[in-house]
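K.L.:
sequence and predicted structure, then a few things I'm wondering about:
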Number of protein chains: 2
Amino acid sequence: MSTHGITSPAGFSAGATNAGIKPSGKPDMALVVNNGPRFDAAAVFTRNRVVASPVKVSRKAVADGQLSAVVFNSGNANACNGARGDEDAEALVAEVSRALSIPQEDIAACSTGLIGEPLPMDRALAGARAVANDLGTDAEHASAAAAAILTTDTVSKEASYSGPGWSVGAMGKGVGMMAPSLATMLVCLTTDAAVEAPALQHALDAAAAQTFNTLDVDGSTSTNDTVILMASGASGVSPTQEELDTAILKVCGDIADQLQADAEGVTKRVKITVEGTETDSQALNAARTLGRDNLFKCAMFGSDPNWGRVLAAVGMADAEMDPENISVYFNDQPVCLASTGAPGAREVDLSGTDIDVRVDLGTGGAGTAFVRTTDLSHAYVEINSAYSS
Amino acid sequence: MSTHGITSPAGFSAGATNAGIKPSGKPDMALVVNNGPRFDAAAVFTRNRVVASPVKVSRKAVADGQLSAVVFNSGNANACNGARGDEDAEALVAEVSRALSIPQEDIAACSTGLIGEPLPMDRALAGARAVANDLGTDAEHASAAAAAILTTDTVSKEASYSGPGWSVGAMGKGVGMMAPSLATMLVCLTTDAAVEAPALQHALDAAAAQTFNTLDVDGSTSTNDTVILMASGASGVSPTQEELDTAILKVCGDIADQLQADAEGVTKRVKITVEGTETDSQALNAARTLGRDNLFKCAMFGSDPNWGRVLAAVGMADAEMDPENISVYFNDQPVCLASTGAPGAREVDLSGTDIDVRVDLGTGGAGTAFVRTTDLSHAYVEINSAYSS
């Protein structure tokens, strides 16, 4: 984990301000600006059919593989506000365009917060002007940006990676609604590598599949999930696709670990591996079915080695299995072999924060998959029953 | 709701005993016996791939459309106990067969409780003999049987229906793990109508689809779910298929209402209707996606009219929709129209126990579906994090 994230690569500046969108008065707007010389970019977005207005703006902006800046706000998702929401998102990037003198069509927007409340545009526009006037390339400006995109997050998430002569930086936010289509999750990555947009998109797709898309906190998904990667080319170094893939995967993995650790109400970090089914996608289906099962998640909260709930959950998965030959391991100790309790299964110690669950579905097939999830705790219920009030 | 359930139809006797399977010392075994003259029967079982040993026994027993008795135990699911579990389930019905002098292959078995612990057979066999010696046709015996199948249920569930000269009775249990493939749910229905097994199966399939299979408390499903319907023919009356369907639907609906009301940790009963999609099955997918969404369920617990979570949830459903034209109504008040907040939406009063949610996915299609769910409360987490300890 690094304290110098989004501006560690050359060519990027960032900043934040308190625009008054959040009732708490905390920082709630940020800008990340690519100063070039190159402006290659890639992005992945929520797979939710209901998408927020800033997602529409960003999709359009990145369609040509070029971005110069991303404007962020927290405290308001600008989702489900109809034509007004679309107009507001456009007006916000237009204001950034004027303030920075860069084309409007090269500016993406990310919003996170409550759905269904119009963005307070006077404050948002004033905030955009304020942050455009206070950009910097130092760690303080990067950290201020990372702090300004938080909602119920308890800590900022930043990461970086250094290659030979080039680097990658990142910031992210996200705590709940983490599901295979990302999360209420915003992540911005920067690199000073000189690479074209298709190479960036390849690296980002591969990394997202292995990191953000294996993070399944509550099966819920957001209208706003966005991951944006911008490349300034300022290092003059062009890494190979493999080098780029490795770097982006590392930084995404770092941010994903931080997201999981800060997930709403988490007391346990649960890593689930499923194997012994015919294909990887069947294994993934079983792993997600287990990772979303509330009875299993409550057992994890209670440090309860209740492996019967694992079998009950995976039994409903869309995966080939041998129902009489399922094995389950908690923290590498067998608790169920051939679908039957293993000796000492009830005494396995799950009192630690990290719990490792491995399930073999018993077909002998080579399919395997991995997901991260969390327990279902009182705090999760508390946070999510009082969010909008 | 009736206090005289399973023995209200002529031809049935029932009983219960305390066999010592439950550590609490509460009643934990029951028998329901069909004394004829007819023995037609039908059943529906869990769709979970991992099934308990008693489910295997019952599937085999009912395959010919004939049953004479069902033996129940609570406190132990006899699931995931391997070959030993299958042998134990067979031994239990063999003991009932000897005690009642009826063929073993006409006896079904239902177990509910903890998964993965072998059934204490000395106690179970002694219990089977004890309950076989104390059968009765009165309300007390019926109620004792209904009480003996409970686990974390807080109240017994019984129901009955009277047709012209014939009747239907029922008992059930179930509190968690309620999902479209039934629940940790056992239901036994009796009727003195003279009807053949295919007519019973038709009535039961149709009723289960509209009642138990619309009940989705936590998306989890059980290894033991079983609904059995036995017909004694003792009334001498043969209702039409339509009359039978109506009666079975009524009784199943009554039991389903009682199951929902007693679901683990419930503070809200939520009825979800989805319409405006192309097909009923798409509407059902959307209704279930919403009914299982933890963020939505937490909002219901908090009496929070957070309609944005409804849109975020249905947006992930496998259903045709118009993302810009979704409407949401809480207790018949519009909170979202054309995917945008309706005036006064945040002030809608959801403080009552019953919450009605209607979602129109905006395609103009005729598809519609209904499910019942519950909120996600602190008590749910409490009960399910401490179940096996």
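P.N.:
Right, received. Where do you want to start?
K.L.:
by contact count, what packs against the one helix or strand A:S143 maps to?
P.N.:
A:S143 is part of helix A:139-148, with elements assigned from DSSP states H and E. Packing contacts for helix A:139-148, counted by 3 or more CB pairs under 8 Å, 6 or more residues apart in numbering or on different chains; DSSP states H and E, involve strand A:12-17, strand A:29-34, strand A:69-74, strand A:157-162, strand A:167-173. Heads up, the C-betas are built off the backbone N, CA and C, glycines and all.
K.L.:
next one: the third one to chain centre, how far?
P.N.:
In this case it means strand A:69-74. The offset between the C-alpha centroid of strand A:69-74 and the centroid of the whole chain comes to 16 Å, using CA atoms, centre = their mean, to the nearest Å.
K.L.:
helices or strands up against it?
P.N.:
Applying 3+ CB pairs under 8 Å, 6+ apart, one finds that strand A:69-74 contacts strand A:29-34, helix A:82-100, strand A:107-112, helix A:121-132, helix A:139-148, strand A:186-191.
K.L.:
show me what that strand is in contact with.
P.N.:
Residues external to strand A:69-74 that are found in contact with it (CB atoms under 8 Å, 6 or more residues apart in numbering or on different chains): A:19, A:21-22, A:28-34, A:58, A:92-93, A:96, A:100, A:102, A:106-113, A:119, A:124, A:127-128, A:131, A:145, A:148-151, A:173, A:186, A:188, A:228, A:230.
K.L.:
got the angle for it vs helix A:82-100?
P.N.:
Here strand A:69-74 points in a direction 130 degrees away from that of helix A:82-100 (axes from the mean of the first three to the mean of the last three CA atoms, to 10 degrees).
K.L.:
what does the stretch 201-350 of chain A have sitting close to chain B?
P.N.:
When proximity is defined as CB under 8 Å from any CB of the partner chain, the stretch 201-350 of chain A approaches chain B at A:218-223, A:292-296, A:298-299, A:301-302, A:304, A:306-309, A:311-317, A:321, A:323-324, A:326, A:336, A:338-341, A:345-346.
K.L.:
sketch out the low-pLDDT regions of the stretch 101-250 of chain A for me.
P.N.:
Counting by pLDDT under 70, the stretch 101-250 of chain A contains low-confidence residues at A:175-183, A:216-221.
K.L.:
just want the residue of it that's nearest chain B.
P.N.:
Minimum separation of the stretch 101-250 of chain A from chain B (CB to the nearest CB) falls at A:I115, amounting to 2.6 Å.
K.L.:
how does chain A divide into domains?
P.N.:
Using automatic domain parsing, the domain parsing of chain A gives A:12-261, A:269-385.
K.L.:
of these, which approaches B:G362 most closely?
P.N.:
For the domains of chain A, distance to B:G362 was read as CB to CB. The smallest value, 10.9 Å, belongs to domain A:12-261.
K.L.:
tell me where the stretch 201-350 of chain A has strands.
P.N.:
Under the criterion DSSP state E, counting those that start in this stretch, strands of the stretch 201-350 of chain A are mapped to A:226-231, A:269-277, A:327-330, A:333-337, A:340-341.
K.L.:
just say which of the ones you listed is most tucked in.
P.N.:
Mean neighbour counts were taken over those using mean count of other CB atoms under 10 Å in any protein chain shown, and the top value, a mean of 28, falls to strand A:226-231.
K.L.:
relative to strand A:69-74, how tilted is that strand?
P.N.:
Computed by the same axes, to 10 degrees, the angle separating strand A:226-231 from strand A:69-74 equals 150 degrees.
K.L.:
now do the same contact list for A:G163.
P.N.:
Contacts were defined as CB under 8 Å, 6+ apart; by that measure A:G163 touches A:193, A:237, A:239, A:243, A:247.
K.L.:
before we move on, what about A:F301?
P.N.:
A:267-268, A:375-377, B:381, B:385.
K.L.:
got a pLDDT number for A:D349?
P.N.:
Predicted confidence (pLDDT) at A:D349: the value is 94.
K.L.:
so how many other residues sit close to it?
P.N.:
Other residues within reach of A:D349 by the criterion other CB atoms under 10 Å in any protein chain shown amount to 10.
K.L.:
for the strands of the stretch 201-350 of chain A, give me CSV that also has distance to A:A42.
P.N.:
As requested, these are arranged in CSV below (distance: least, CB to CB, whole Å):
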stretch, distance to A:A42
strand A:226-231, 5
strand A:269-277, 28
strand A:327-330, 38
strand A:333-337, 42
strand A:340-341, 48
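K.L.:
among those strands, which is nearest B:R358?
P.N.:
strand A:226-231 (30.7 Å).
K.L.:
export that closest one to PDB, keeping only CA atoms.
P.N.:
The C-alpha atoms that make up strand A:226-231 are tabulated as PDB, following Å, rounded to 0.1, in the frame of the first residue of the first chain:
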ATOM      1  CA  THR A 226     -16.500   2.700 -12.900                       C
ATOM      2  CA  VAL A 227     -12.800   1.900 -13.200                       C
ATOM      3  CA  ILE A 228     -10.800   4.300 -15.400                       C
ATOM      4  CA  LEU A 229      -7.200   3.900 -16.500                       C
ATOM      5  CA  MET A 230      -5.400   6.900 -18.100                       C
ATOM      6  CA  ALA A 231      -1.900   6.800 -19.600                       C
END
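K.L.:
list the contacts for A:M300?
P.N.:
Shown in contact with A:M300 (CB under 8 Å, 6+ apart): A:268, A:270, A:350, A:355, A:374-376.
K.L.:
spatially nearest residue to whatever residue of the stretch 201-350 of chain A ends up closest to chain B (excluding sequence neighbours)?
P.N.:
Per CB to the nearest CB, A:G308 is where the stretch 201-350 of chain A lies closest to chain B, at 2.5 Å. Nearest non-adjacent residue to A:G308, counting by CB to CB, 6 or more residues apart in numbering or on different chains: B:I115, 2.5 Å away.
K.L.:
check A:D332 too.
P.N.:
Across the structure, with CB to CB, 6+ apart as the measure, the residue nearest A:D332 apart from its sequence neighbours is A:D356 (6.6 Å).
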